[in-house]
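In: Quick one: sequence and predicted model below, then my questions.
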Number of protein chains: 2
Amino acid sequence: MNSREVKTALYKEIATVTKALGNPHRLEILDLLAQGPVPVEYISEHINLPLANASQHLQVLKKANLVNVERKGKYIFYALSNDHVYDVWKSLRKLGFNQNQEVQKLVDEYRQQREDLQVICAEELIQKLETNDIILVDVRPDEEYRLGHIQGAVSIPYTEIREYLKELPVDKEIVAYCRGPLCMMADNVVQLLNRSGFKAYRLDVGVPECESFGIALEAVAT
Amino acid sequence: MNSREVKTALYKEIATVTKALGNPHRLEILDLLAQGPVPVEYISEHINLPLANASQHLQVLKKANLVNVERKGKYIFYALSNDHVYDVWKSLRKLGFNQNQEVQKLVDEYRQQREDLQVICAEELIQKLETNDIILVDVRPDEEYRLGHIQGAVSIPYTEIREYLKELPVDKEIVAYCRGPLCMMADNVVQLLNRSGFKAYRLDVGVPECESFGIALEAVAT
DNA sequence: ATATCATTCAATTAATTTATTGAATGAATA
DNA sequence: TATTCATTCAATAAATTAATTGAATGATAT
């Protein structure tokens, strides 16, 4: 095997993995799996994809070694096979945001309620946690909260936020977070909270990035 | 536009960019463009791809905003549109190496002459440059050397190394480098040098990564 | 042991991607 | 202004990918 042949084979191999990533549904699956291992059914429901279809895409990811499979009782749980996978997704996301005006426009349009939407970064959260007495709210589905959430956060799924409006203290700042930059669950919650008289912020990173910023996580023991 | 529609559009946009990356030839083009802006013809020759085919792939990259186009005289130069593109390629490369045993096997097999191949990392190069009196050799094609190389390096394209064997001093250590981890030009040179009685190493990073390790680059004024 | 049911498979169709060929463009130089 | 030639376009055929449907697995738990 000469150098040209090795090179051809190398790029082919890496392109195979890249191809497995090059599908909107599969990217969304990875973004969801970054929250923690979940069964096929959960994926199918949460990203609005027929079950057989979700399974098929998972097979593609599995063949590319991007996900791990583990059976627990009745369900088969899929998980990202390691941190490199999320790293790639992060850099793809960043590239998409910076290269593609379409992407930026989409997010900007959806977040045009920016007067109501104050975003804070990881460092600001750490500072607020140290100096202020804030309430940290995890607005993802409860399943994902249980798999892992920021230390001290309470779980209020975005679908249930209205029921908690009366219970939340108006005199404390509230920081809401969700899956990550492309996730809009926190946006909606923060908007509603601010319009209801609270002082609320959204965290600009999601649970998967937290540890790299020195934000400790914890999980609900099962 | 509701949240589901925004999400679908977002993932679709990012998947479009990812798809543009998901082809072996296009990945190799990006790896080459990371060395500096070159015309279509240069790409076609160096990655062994018919001209019309190379052009076609470049159009795909262009449509995805991954490359910039600039005419200079007779030639049209293509370049990576920004650092994010190389970041993605880097993380894909890392993922490919870690996930895919095929990739590792390929590189290992090609480098099975490991007795002859001592690899040093960026930090070790910096140390050697400070303490020892070494010779740093850029073994890429001269065009790429001129576009940018490590400060103080001399250009000895790997195709011409045999002609320089007599001129190189046997009493100094030699460090050779090339395009990056997937590039084998330095491997071949280092192997030949060591078998010819020199003390030679290969640098494990390429020119594009150098600056992030604090290794200064310089270019030949045109 | 068997019924349940979460998941995968299989087969079809439609859509997209790729390589190849030769012709067309169009900017730059003489 | 004409000619050169680097690059792109266009058209075709082959190969790959994706969605859909309903049937088939096969491990779990009763």
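Out: On my side now, so go ahead.
In: Contacts for the longest helix seen in chain A next, please.
Out: Ranked by number of residues, the top helix in chain A under DSSP state H is helix A:3-21. Contacts to helix A:3-21, defined as CB atoms under 8 Å, 6 or more residues apart in numbering or on different chains, come from residues A:1, A:26-27, A:30, A:60-61, A:63-66, A:88-89, A:92, B:18-19, B:21-28, B:31, B:48, B:92-93, B:95-96, B:99-100, B:102-103, B:106-107, B:109-110, B:182, B:184, B:188. For every residue, glycine as well, the C-beta is placed using N, CA and C.
In: Do any residues in that helix lie close to DNA strand D?
Out: Yes: judged by CB under 7 Å from any atom of the strand, helix A:3-21 and DNA strand D are in contact via A:K19.
In: Check whether the following helix or strand past that helix comes near DNA strand C.
Out: Proceeding N to C from helix A:3-21, the next assigned helix or strand is helix A:24-33, under DSSP states H and E. No: residues of helix A:24-33 contacting DNA strand C under CB under 7 Å from any atom of the strand: none, with a closest distance of 11.4 Å.
In: How far does helix A:24-33 sit from its chain's centre?
Out: Here helix A:24-33 is found 10 Å from its chain centre; the criterion is CA atoms, centre = their mean, to the nearest Å.
In: pLDDT (mean, whole number) over it?
Out: Predicted confidence along helix A:24-33 averages 98 (mean pLDDT).
In: between that helix and helix B:3-21, how many degrees?
Out: Interaxial angle, helix A:24-33 versus helix B:3-21 (axes from the mean of the first three to the mean of the last three CA atoms, to 10 degrees): 110 degrees.
In: what's next to helix A:24-33, contact-wise?
Out: A:20-21, A:38, A:43, A:46-47, A:49, A:53-54, A:57-58, A:60-61, A:66-67, A:78-80, A:85-86, A:89, A:92, A:179-180, A:182-183, B:7-8, B:11-12, B:14-15, B:18.
In: at 7 Å what do you get?
Out: The contact list for helix A:24-33 (CB atoms under 7 Å, 6 or more residues apart in numbering or on different chains) reads A:20-21, A:43, A:46-47, A:49, A:57-58, A:60-61, A:67, A:78-80, A:85, A:89, A:179-180, A:182, B:8, B:11-12, B:14-15, B:18.
In: Mind giving me the PyMOL select for those residues, buried ones only?
Out: A single PyMOL command suffices to select whichever of the contacts of helix A:24-33 are buried according to 16 or more other CB atoms under 10 Å in any protein chain shown:
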select buried, (chain A and resi 20+21+43+46+47+49+57+58+60+61+67+78+79+80+85+89+179+180+182) or (chain B and resi 8+11+12+14+15+18)
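In: now for the helix or strand of chain A with the lowest mean pLDDT, which elements pack on it?
Out: Using mean pLDDT, DSSP states H and E, helix A:101-110 stands out as the lowest-scoring helix or strand of chain A, at a mean of 83. On a contact count with 3 or more CB pairs under 7 Å, 6 or more residues apart in numbering or on different chains; DSSP states H and E, helix A:101-110 meets helix A:83-99, helix B:3-21.
In: contacting residues around the residue nearest the centre of chain A?
Out: Nearest residue to the geometric centre of chain A (CA atoms, centre = their mean): A:R179, 2.6 Å. When contacts are counted by CB under 7 Å, 6+ apart, A:R179 touches A:D31, A:Q35, A:R140, A:G206, A:V207.
In: repeat for A:H84
Out: Taking CB under 7 Å, 6+ apart, we find A:H84 in contact with B:K94, B:L95, B:N98, B:Q99.
In: Rounded mean pLDDT for stretch A:126-138, please.
Out: Per-residue scores along stretch A:126-138 average to 94.
In: I meant stretch A:190-208, not that one.
Out: Rounded mean pLDDT across stretch A:190-208 is 94.
In: Identify the residues contacting it?
Out: Counting by CB under 7 Å, 6+ apart, A:34-35, A:86, A:113, A:116-122, A:125, A:148-150, A:161, A:165, A:168, A:170, A:173-181, A:183, A:186-187, A:213, A:217 sit against stretch A:190-208.
In: follow-up on the earlier one: filter the contacts of helix A:24-33 down to the ones close to DNA strand C.
Out: Answer for the contacts of helix A:24-33 near DNA strand C (CB under 7 Å from any atom of the strand): A:L58.
In: okay if I get the helices and strands packed on helix A:101-110 as TSV plus mean pLDDT?
Out: Output for the helices and strands packed on helix A:101-110, formatted as TSV (pLDDT from 0 to 100):
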stretch	mean pLDDT
helix A:83-99	93
helix B:3-21	93
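In: Is it possible to get CSV of the ones you listed that adds distance to A:A200?
Out: Below are those laid out as CSV (distance: least, CB to CB, whole Å):
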stretch, distance to A:A200
helix A:83-99, 24
helix B:3-21, 18
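In: which of the residues in the helix or strand harbouring A:V137 are buried?
Out: Using DSSP H and E, A:V137 sits in strand A:135-138. Buried residues in strand A:135-138, defined by neighbour count with 16+ other CB under 10 Å: A:I135, A:L136, A:V137, A:D138.
In: Restrict it to CA atoms and write it as CSV.
Out: C-alpha atoms of strand A:135-138 as CSV (Å, rounded to 0.1, in the frame of the first residue of the first chain):
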residue,chain,number,x,y,z
ILE,A,135,-33.1,30.3,41.7
LEU,A,136,-31.7,28.0,39.1
VAL,A,137,-34.3,26.2,37.0
ASP,A,138,-33.8,23.2,34.7
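In: SS state for the residue nearest to the centre of chain A?
Out: Secondary structure, DSSP: H, G, I helix; E, B strand; the rest coil: A:R179 is coil.
In: circling back to that earlier point, dump the contacts of A:H84 to CSV, plus distance to B:G73 and neighbour count.
Out: Below are these laid out as CSV (distance: CB to CB, whole Å; neighbours: other CB atoms under 10 Å in any protein chain shown):
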residue, distance to B:G73, neighbour count
B:K94, 38, 15
B:L95, 39, 28
B:N98, 43, 16
B:Q99, 43, 22
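In: Many thanks, we can stop here.
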